[in-house]
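**Q** Quick one, structure for this:
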Amino acid sequence: MKLAEVAEKLGCRLEGPPELQIRGVAGIEHAEAGQITFLANRRYFPLLKTTRASAVLVEEGITLDREAALPALAALRSGNPYLAFAQAIELFHQSLGYAPGIHPTAIIAKSARIGEGAHLGPYCYIDEDVEIGRHAVLHSFVTIYRGAQIGNDFFAHAHAVVREYCRIGDRVILQNGVIIGGDGFGFAHQDDGTWYKMRQSGPAVLEDDVEVQANSCVDRATIGETRIGRGTKLDDLVLVGHASAIGANTLLCGQVGLAGSTKVGDSCVFAGQSASSGHLSVGDGTVVYGQSGLPGDLPPRSKVGGSPAVDGRLWMKITAALHRLPELQKRVRELEAEIERRKA
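**A** From the prediction side, this is the model:
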């Protein structure tokens with residue numbers, strides 16, 4: 001594909017030879033001649049000196065110093081280079097297609113209703129009263145429990161599970177090993193010291209355009225429902241506890257854990273290994289830094305870090321001070337010794 005054609009498809013302004021042939025995309029450190037890369041983080045700017053890419057996606061405001069960058073490096077100007085790079089990948093790497101049809105090993109209950117164009121792979125199981133919309137793809141060993149309702153363009157990778165009476169919107173993607181609607185962690189303590197299992201009666205609900213990545217779990221509710229808002233993305237090994245409610249376009253990164261009845265607003269980010277106590281509320285636009293633990297509610301647009309979490313700026317100061325702790329401890333001991341000498 002010619003560079004000019006790539007620029008047109010991506011809506012970028014081209015600085016470079018329009019006839020240059022492009023055959024693929026790659027990261028800035030590994031790109032070869034004939035490939036496009038991107039620069040979205042200024043810390044990688046020095047790599048422009050050594051990249052072998054033929055073109056780079058870059059913001060409008062960044063000037064390519066031709067003495068620093070390779071002279072032959074073309075520029076594709078974009079307001080969002082990372083998004084443009086994501087779209088460029090689709091130009092050269094088409095997703096796999098799955099022809100409509102039902103594998104002979106798949107088991108489908110008579111009362112199940114499946115829309116046109118569905119692909120059901122080997123050993124899938126569809127229980128009674130299930131409804132699945134048009135153009136669904138169930139890869140292999142996918143299990144849909146009784147009464148689940150699923151929208152159009154559903155894609156479930158191998159070993160994904162949707163439990164009984166859960167509701168899933170359109171264009172939802174479940175990666176390998178995802179469990180939607182597994183029992184929440186609910187047990188009542190009995191007088192004899194044993195635990196009485198509470199029936200988890202409420203479904204998990206995933207709205208449109210949600211993606212849940214590998215081996216993550218969205219638990220069903222004891223009563224009511226667990227809800228994941230439209231466009232929200234859950235990374236690998238994420239746990240959303242029972243009766244939680246996550247807003248729209250929120251990101252829960254790897255190994256995030258939300259205890260039961262957590263309420264998270266729209267457009268929030270929980271970085272890797274962060275977690276929340278149960279029964280708390282997090283306002284819209286909040287950012288929780290990695291490995292942070294939330295002990296209480298947060299207002300909208302908070303930025304917090306640490307465990308227990310504190311204001312993000314304070315957390316950065318605390319973290320910086322920790323590096324000086326041995327020095328400060330030594331200084332305190334010296335001052336204490338000096339005070340003792342003066343007393344004597």
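
**Q** Let me know the pLDDT of residue 65.
**A** pLDDT for residue 65: 61.

**Q** domains for this protein, by residue range?
**A** Domain ranges of the chain: 3-92, 101-315, per automatic domain parsing.

**Q** Show residues contacting the biggest helix by length in the chain.
**A** The residue-count maximum for a helix in the chain (DSSP state H) belongs to helix 325-343. Applying Cβ atoms under 8 Å, 6 or more residues apart in numbering, the external contacts of helix 325-343 come out as residue 321. In short, each C-beta sits where N, CA and C put it, glycine included.

**Q** how far does that helix sit from the chain's center?
**A** Per Cα atoms, centre = their mean, to the nearest Å, the displacement of helix 325-343 from the mean C-alpha position of its chain is 49 Å.

**Q** do the same with stretch 187-204
**A** Relative to its chain's centre, stretch 187-204 lies at 31 Å (Cα atoms, centre = their mean).

**Q** Distance across it, terminal residue to terminal residue?
**A** 19 Å (Cα to Cα, to the nearest Å).

**Q** What residues of that stretch count as buried?
**A** 200, 202, 203, 204 (16 or more other Cβ atoms under 10 Å).

**Q** cool, and stretch 126-143?
**A** Within stretch 126-143, the residues that count as buried by 16+ other Cβ under 10 Å are 126-127, 129-133, 135-143.

**Q** Using CSV, list the CA coordinates for it.
**A** C-alpha atoms of stretch 126-143 as CSV (Å, rounded to 0.1, in the frame of the first residue of the first chain):
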residue,chain,number,x,y,z
ILE,A,126,-26.2,-23.6,25.1
ASP,A,127,-28.7,-24.3,27.9
GLU,A,128,-32.5,-23.9,27.9
ASP,A,129,-34.2,-20.5,27.2
VAL,A,130,-30.9,-18.8,26.1
GLU,A,131,-31.2,-16.0,23.6
ILE,A,132,-28.3,-14.9,21.4
GLY,A,133,-28.4,-12.2,18.8
ARG,A,134,-27.1,-12.1,15.2
HIS,A,135,-23.6,-12.9,14.1
ALA,A,136,-22.4,-14.4,17.3
VAL,A,137,-19.1,-16.3,17.5
LEU,A,138,-18.6,-18.9,20.2
HIS,A,139,-15.2,-20.3,19.6
SER,A,140,-14.9,-23.6,21.4
PHE,A,141,-15.9,-25.1,24.8
VAL,A,142,-18.0,-22.0,25.5
THR,A,143,-20.9,-22.5,28.0
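
**Q** quick one: it to chain centroid distance?
**A** Using Cα atoms, centre = their mean, the offset of stretch 126-143 from its chain centre is 24 Å.
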